[in-house]
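Novice: compute the structure for the input listed below.
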Amino acid sequence: MPQHLLDRDRDRRLSRIARVAAVAALALATTVGTAGTAVAESPEEHPIEISVNKAGITAPQNHLGGLVSFRIKTDDPAGRQLQLLRPKSGVSIDRVLHDLADAVSRVPATAAAGMRAVHGEAEALGGAMVTPQVHEQFTEEVDPGSVYLLDLTAFRADPAHPVVKTLELAGTNGMSANQARYPHGIVIHRPTSDGPRFQTDDLDHVHLAYLVHNGSSQIHETRLRPVAPGTTDAQVQRYFDAVAAGRKATSPFTGPATGLGAFSPDRSASIQAHGLQPGRYAVLDLVPDERTGLPHAALGMHQVVDLK
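Specialist: Below you'll find the predicted structure:
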């Protein structure tokens, strides 16, 4: 068999293996310690409701930890991005936000240093990019403790005045992964010899849930931007190449972003969009690389998909 066919067959098998492994890992993490617990409703039936807009963040102050579902909405016509953060032991949220201000810098060297610092100081627990037409719901394992909800849209515009709300997770709800909706497909963040890449399996429908797993050593996001029919990955790459070189470029994107926010290595979550329209989309990661400071998408971490 020709080598390219062997490589393709290998990649498909690895994708399926990775999918099973990621689902199993999430199941293991959420079933430990639940023996003897009465069967409860799926966490998706009772999510933590969060809204974010120009007026701030509306969310409860307390909730049970364990397998937790977050439903994020906005009425901001321009869309909004919410990010969940948890500082590591001994690190203050102020310290994390100070370094995150560097991470969102337009200067690559500053952004790279900021990302390295944030990676070492905090766990990125995901989040969501939402519009008035599209809200997102994501479900993941979160241990008890403080979780900080950050309006990342406002933070990028004014890092000196962060809009943050604290959510205290106390105890666990005893829920296990088999009480969450089984994902239709999977998206994996993975390193390759060519740089970070998305590996997808059955990413083909706007209404279904997908498991996202960060299998790399850096923080990544899973952003969806609509593109015109016929748009290719090569065109998307040319756009990012032009932007990185400081040249004027016509954006291939035809609408605002939706999707899952920044995720630390080895984390998994199930995400489902509500209101997303069928069409062609680019899956992107705009989180700065810890070495170059360039968005991971500029390094090739993008993939054009058709969602029905």
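
Novice: paired strands for the helix or strand containing Ala273, with orientation please.
Specialist: Taking DSSP states H and E as the criterion, Ala273 maps to strand 268-274. Here strand 268-274 has these sheet partners by DSSP bridges: strand 135-142 (antiparallel), strand 210-214 (antiparallel).

Novice: pull out the buried positions in that strand.
Specialist: Buried residues in strand 268-274, counting neighbours by 16 or more other Cβ atoms under 10 Å, are found at 268-273. Yep, even glycine has a C-beta here, placed from its N, CA and C like the rest.

Novice: which of the strands paired with strand 268-274 sits closest to Ala111?
Specialist: Counting by Cβ to Cβ, Ala111 lies closest to strand 210-214 out of the strands paired with strand 268-274; the figure is 19.0 Å.

Novice: any idea how far the closest one is from the chain center?
Specialist: Remark: strand 210-214 is offset 8 Å from the chain centroid, using Cα atoms, centre = their mean, to the nearest Å.

Novice: and if you look at stretch 255-270?
Specialist: 1 Å.

Novice: try stretch 89-108
Specialist: A distance of 18 Å separates the centroid of the chain from that of stretch 89-108, by Cα atoms, centre = their mean.

Novice: look at that stretch and report the distance between its end residues.
Specialist: In stretch 89-108, first residue to last residue: 28 Å (Cα to Cα, to the nearest Å).

Novice: flag every buried residue along that stretch.
Specialist: For stretch 89-108, the neighbour count (16+ other Cβ under 10 Å) marks 93, 96-105, 108 as buried.

Novice: output the strands paired with strand 268-274 in CSV; the columns should cover mean pLDDT and distance to Glu221.
Specialist: Shown next, in CSV, are the strands paired with strand 268-274 (pLDDT from 0 to 100; distance: least, Cβ to Cβ, whole Å):
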stretch, mean pLDDT, distance to Glu221
strand 135-142, 96, 12
strand 210-214, 96, 9
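
Novice: out of those strands, flag the one nearest Ala282.
Specialist: When the strands paired with strand 268-274 are compared by Cβ to Cβ, strand 210-214 sits nearest Ala282, at 15.7 Å.

Novice: that older thread, out of the buried residues of strand 268-274, who's nearest Ala298?
Specialist: Ranked by distance to Ala298 (Cβ to Cβ), the buried residues of strand 268-274 are led by Ile271 at 23.8 Å.

Novice: fine by me, thanks again.
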